[in-house]
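this is a predicted model, with the sequence first.
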Amino acid sequence: MKKQTILILGILLLSTGIFAQKSKLKVDNNEITIPLNIELKISVEGKDGKLNDFKLLNQAKVKKPIDMMKALDNVEKTDIVSNEIELKFCYADFMGSKIVVLTTVHHLEKPITFKAKIKIKGRTEYIETSIVDKYPNVFSIEQWQDEIETIVLYDFEIVKEQN
């Protein structure tokens, strides 16, 4: 009986550890998994309208929520051309409300688009969410009221020109 109790406790501890694991920052060829409260800078290469060959240049932990009113006031628009994308996925304070935001600034020559899936706290599956096109050297914000743990960004492309 004692062996069964120890075995059951061991299995419970192991399964709790597995399910409680936080996701880690992961940068692949055309997909980025970002846990909450991380900012990063990546370089990308473009070929045939697709962005790929992602390389992590820098990452940091976001220690406190962004004050959105200050962030919008302090946006500095610079016309830089490079192959870098800056992303920040964290909490933000917007006039007293706590929200989750993804901020994006890229320095490519043309607008880009990508897809996103979010993992809400307490759920096991990811849910697709909409993302607007991102224009060069523009501070873009996506926001959610949900308690999001992780976001996956994928299928990065140059926006096709419309005739």
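Yep, that arrived.

strands along the chain, start to end?
For the chain, the strands defined by DSSP state E cover 26-27, 31-35, 38-47, 50-61, 66-67, 84-94, 97-106, 112-120, 127-129, 140-144, 148-158.

mind listing what's buried in stretch 80-100?
83-94, 99-100 (16 or more other CB atoms under 10 Å). Where C-beta positions appear, they are placed from N, C-alpha and C, glycine not excepted.

sorry, back to before: for the strands of the chain, which has the smallest mean pLDDT value?
Of all the strands of the chain, mean pLDDT reaches its minimum on strand 66-67 (a mean of 88).

return the list of helices and strands in contact with that one.
Judged by 3 or more CB pairs under 8 Å, 6 or more residues apart in numbering; DSSP states H and E, strand 66-67 is in contact with strand 84-94.

by contact count, what packs against the strand it packs on?
Contacts defined by 3+ CB pairs under 8 Å, 6+ apart place strand 84-94 against strand 31-35, strand 38-47, strand 66-67, helix 68-73, strand 97-106.

closest to Leu57 out of those?
Shortest distance between Leu57 and the helices and strands packed on strand 84-94, using CB to CB, is found for strand 38-47: 4.5 Å.

the closest one vs strand 148-158, what angle?
20 degrees (axes from the mean of the first three to the mean of the last three CA atoms, to 10 degrees).

between strand 84-94 and strand 38-47, find me the angle.
Using the same axes, to 10 degrees, strand 38-47 lies at 140 degrees relative to strand 84-94.

need the buried residues of stretch 80-100 in CSV with distance to Lys47, can you?
Converted to CSV, the buried residues of stretch 80-100 look like this (distance: CB to CB, whole Å):
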residue, distance to Lys47
Asn83, 12
Glu84, 17
Ile85, 16
Glu86, 22
Leu87, 21
Lys88, 27
Phe89, 26
Cys90, 31
Tyr91, 36
Ala92, 34
Asp93, 40
Phe94, 38
Ile99, 36
Val100, 32
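
alright, that wraps it up for me.
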